[in-house]
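Asks: I'd like to go over a predicted model; first the sequence, then the structure.
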Amino acid sequence: MLIVCALYHFTRFDDPAALRGPLLDLCNSHGIRGSLLLAGEGINGTIAGTRAGIDAVLAHIQALPGCAGLEWKESPAETMPFGRMKVRLKREIVTMGQPDVDPRARVGHYVEAADWNALISSPDVAVIDTRNDYEVSIGTFAGAVDPGTRSFREFPQWWEENRERFHNKRIAMFCTGGIRCEKSTNYLLSQGVEEVFHLRGGILKYLEEVPQDQSLWQGECFVFDGRVSVGHGLVPGQNESCGACRRAVTPEARQHPAYEKGVCCPACVGEYSEADRARFRERQHQMDLAAARGEVHLGG
């Protein structure tokens, strides 16, 4: 059994580039795969590996400047959900494009998973899903507002265009693991919203801790690894990833005439050229050949 570990931490790194090499070397030496982002504002990412390997990487990150209070979320995986290990340098560890947003200054009120149902069931509370449209499409909380954004960078504009809808409402926000809400709640506070709440640990913590028979979650939660989605108890879901657009493809969508494994799904059937389709088919062919040899094709 492997461990999938999702983590983030906002802190000041004066020289993120200097941290990249040692972190990547450590991950590779322990057989860890996944993706980590480093920026001047901190670290974010998801990795997978053995218990010993994950512990070694977590200890390394906790020793970085300002990271002693690092929090993370773990879930099991039967097989490795990543093809390789990447440590990348970014301007932001989650891109919002708002230079004045600083989660280290202040954020909304954290709400524990056990208290979330009571909050979002209150009539004076508006619940906003801060994730992207393709994530929301396979699961969200009952009654949550979907901004319909294709990237987190679009959220501030959406808020400016829709803020009057939430006049005199308390705002409760959530995302996959919590990182987007660190920025979005800081942003709303800066816009004059007085009462802003967010789900501590995100959907993943909720699905881990709240029993299914008490849950207000509907569907599955999109995750950015080979599992594609998880359900209650963080067990792998029923969705697969489209080889072209990387959207989640439900079992029902895989029966659609527009679906071709590794090539297209009903959501993206009109988005790519025939040359693109030919390239996707060749990639899928190479992946199938690798699978037949018992190997993992990195293109997957």
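Replies: Thanks, I have the structure now.

Asks: in the protein, which residue sits furthest out from the middle?
Replies: residue 293 (31.6 Å; CA atoms, centre = their mean).

Asks: from residue 189, how far off is that one?
Replies: Plainly put, residue 293 is 54 Å away from residue 189 if you go by CB to CB, to the nearest Å. Heads up, the C-betas are built off the backbone N, CA and C, glycines and all.

Asks: over to residue 130?
Replies: 14 Å.

Asks: residue 23 too?
Replies: With CB to CB as the criterion, residue 23 and residue 189 are 32 Å apart.

Asks: which SS class is residue 161?
Replies: Recorded secondary structure, residue 161: helix (DSSP: H, G, I helix; E, B strand; the rest coil).

Asks: can you get me a residue count around it?
Replies: 10 (other CB atoms under 10 Å).

Asks: do the same with residue 121
Replies: By the criterion of other CB under 10 Å, residue 121 has 12 neighbours.

Asks: grab the nearest non-local neighbour of it.
Replies: Once flanking residues are discounted, residue 121 sits nearest to residue 216: 7.6 Å by CB to CB, 6 or more residues apart in numbering.

Asks: next up, the contacts around that neighbour.
Replies: For residue 216, the contact set (CB atoms under 8 Å, 6 or more residues apart in numbering) comprises 116-117, 120-121, 141-142.

Asks: quick check on those residues: which are buried?
Replies: By neighbour count, with 16 or more other CB atoms under 10 Å, these hold 116-117, 120, 141 as buried.

Asks: so which pair among those is furthest apart in space?
Replies: Put simply, by CB to CB the two of the buried ones among the contacts of residue 216 set farthest apart are 117 and 141, 9.2 Å from each other.

Asks: give me the pLDDT for the residue farthest from the centre of the chain.
Replies: At residue 293, the pLDDT value in this model is 87.

Asks: what's the answer for residue 297, then?
Replies: As predicted, residue 297 sits at a pLDDT of 61.

Asks: over to residue 260?
Replies: 96.

Asks: what are the phi and psi angles of it?
Replies: phi -140, psi 120 (degrees, to the nearest 10).

Asks: now do the contacts for it.
Replies: Residue 260 makes contact with residue 281 under the criterion CB under 8 Å, 6+ apart.

Asks: ok, residue 262 next?
Replies: 243-244, 280-281, 283-284, 287.

Asks: please tell me how far it sits from residue 184.
Replies: 34 Å.

Asks: can you confirm residue 44 is in a strand?
Replies: Yes: under three-state DSSP, residue 44 falls within a strand.

Asks: could you list the low-pLDDT ranges of this protein?
Replies: Of all residues in the chain, those with pLDDT under 70 make up the ranges 296-300.

Asks: quick one: the helices in it?
Replies: 16-29, 51-62, 113-120, 133-136, 155-162, 179-190, 202-209, 274-292 (DSSP state H).

Asks: I'd say residue 178 and residue 199 touch.
Replies: Yes: between residue 178 and residue 199 there is a contact at 7.1 Å, judged by CB atoms under 8 Å.

Asks: which neighbours do these two share?
Replies: residue 205.

Asks: higher neighbour count, the two?
Replies: Shown here are residue 178 and residue 199; by other CB under 10 Å, residue 199 has more neighbours (27 against 23).

Asks: please report the distance of the nearest residue to the more buried one once chain neighbours are set aside from residue 141.
Replies: Excluding its sequence neighbours, the residue lying closest to residue 199 (CB to CB, 6+ apart) is residue 174, at 4.2 Å. From residue 174 across to residue 141, the span is 7 Å (CB to CB).

Asks: wait, isn't residue 223 in contact with residue 176?
Replies: Yes: using CB under 8 Å, residue 223 makes contact with residue 176 at a distance of 6.9 Å.

Asks: what do the two both touch?
Replies: 6, 204.

Asks: and these two? Which one has more around it.
Replies: Each of residue 223 and residue 176 has its neighbours counted (other CB under 10 Å); residue 223 has more, 25 against 22.

Asks: need the phi and psi values for the more buried one.
Replies: According to degrees, to the nearest 10, residue 223 has phi -130, psi 150.

Asks: can you name the residues that contact it?
Replies: Taking CB under 8 Å, 6+ apart as the criterion, residue 223 is in contact with 6, 46, 176, 204, 229-230.

Asks: closest to residue 78 among those residues?
Replies: Of all the contacts of residue 223, residue 230 has the smallest distance to residue 78: 12.6 Å, by CB to CB.

Asks: residues near the closest one, how many?
Replies: Residue neighbour count, defined by other CB under 10 Å, stands at 25 for residue 230.
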